[in-house]
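In: Provided below are the primary sequence and the corresponding predicted coordinates.
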Amino acid sequence: IASQQNKDSFKPTDNIRQNLTTEKIFKEIEEKRKEDDRMEKERIERARVEKEEKEREGIAKGLPIWKRQKILLEDLKTGTNMTDNVMAQSFTSTSQNVYTNTLSRTASGDEIDAERFSRLRKLKKKAYVQFKTSLGNLNFEIFLDFVPKTAENFVQLCEKEYYDGTVFHRSIQSFMVQGGDPEGTGKGGE
């Protein structure tokens, strides 16, 4: 029974003959670990609060879900596992805290857009916009599969009624019309 109690209360430092110096070092290490754990818990809590706040702000602004939430790269592409490299840094640097698990890397805005546009191209979808002018209606077919970013920007501006009240400031017969400048000069815009 005594040997079982010794095994249960065994610490890795029990094999080290301790003096005041080693005791002080082990105490400092333990305090540092506790401080690191406390800081990590605080970081996780701050991240949770920030995420909730960002979600609320995004909903209030009417942003799509991919602009409101954190999307991991592996969410976009099955079988892709890219990490934030924190674990690797902790093994190769003495100035980094030790991490023993990997976290998936957050997808960048460009990566999210590339995946969204790739899916749009596969669907071969088109968008349709109708401009009501003083000379009649103009119907436009928007090629989402060829120019997804430009098409998305144009459709979003139409939805926001950005072009309402603007003029076509340039017209070449049987070729093209140019408009959308809020100043009507062809030099302005946002």
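Out: Arrived safely.
In: quick one: the strands in this structure?
Out: For the chain, the strands defined by DSSP state E occupy 126-133, 136-143, 168-172, 176-179.
In: What is the neighbour count of Ala151?
Out: Residues lying near Ala151 (other Cβ atoms under 10 Å) number 20. C-betas here are computed from N, CA, C, even on glycine.
In: meant to ask about Pro148
Out: 20.
In: How about the one 4 residues further on?
Out: Glu152 sits with 17 neighbouring residues when counted by other Cβ under 10 Å.
In: Distance-wise, check the nearest residue to it once chain neighbours are set aside relative to Ala60.
Out: Nearest residue to Glu152, sequence neighbours excluded (Cβ to Cβ, 6 or more residues apart in numbering): Leu144, at 7.5 Å. As judged by Cβ to Cβ, to the nearest Å, Leu144 and Ala60 stand 27 Å apart.
In: Tell me which of these two has more neighbours.
Out: Leu144 (20 against 8).
In: and the longest helix along the chain, what's its mean pLDDT?
Out: The residue-count maximum for a helix in the chain (DSSP state H) belongs to helix 20-61. When pLDDT is averaged over helix 20-61, the result is 85.
In: Start the count at 21 instead of 1 going forward.
Out: Fine by me, first position is 21 from now on; the one you just mentioned is helix 40-81.
In: That one packs against which elements?
Out: Other helices and strands packing on helix 40-81, by 3 or more Cβ pairs under 8 Å, 6 or more residues apart in numbering; DSSP states H and E, are helix 85-88.
In: I'd say Lys146 and Glu161 touch.
Out: Yes. Using Cβ atoms under 8 Å, Lys146 is in contact with Glu161, at 5.5 Å.
In: Compare these two (neighbour count), which wins?
Out: A direct count of neighbours by other Cβ under 10 Å for Lys146 and Glu161 places Lys146 higher, at 13 against 9.
In: need the contact list for the more buried one.
Out: 161-165 (Cβ atoms under 8 Å, 6 or more residues apart in numbering).
In: can you list these in CSV and add distance to Arg68 and pLDDT?
Out: As requested, the contacts of Lys146 are exported to CSV (distance: Cβ to Cβ, whole Å; pLDDT from 0 to 100):
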residue, distance to Arg68, pLDDT
Glu161, 45, 89
Ile162, 39, 87
Phe163, 42, 85
Leu164, 36, 81
Asp165, 39, 80
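In: Can you get me the start-to-end distance on stretch 176-188?
Out: Length of stretch 176-188, first residue to last, Cα to Cα, to the nearest Å: 19 Å.
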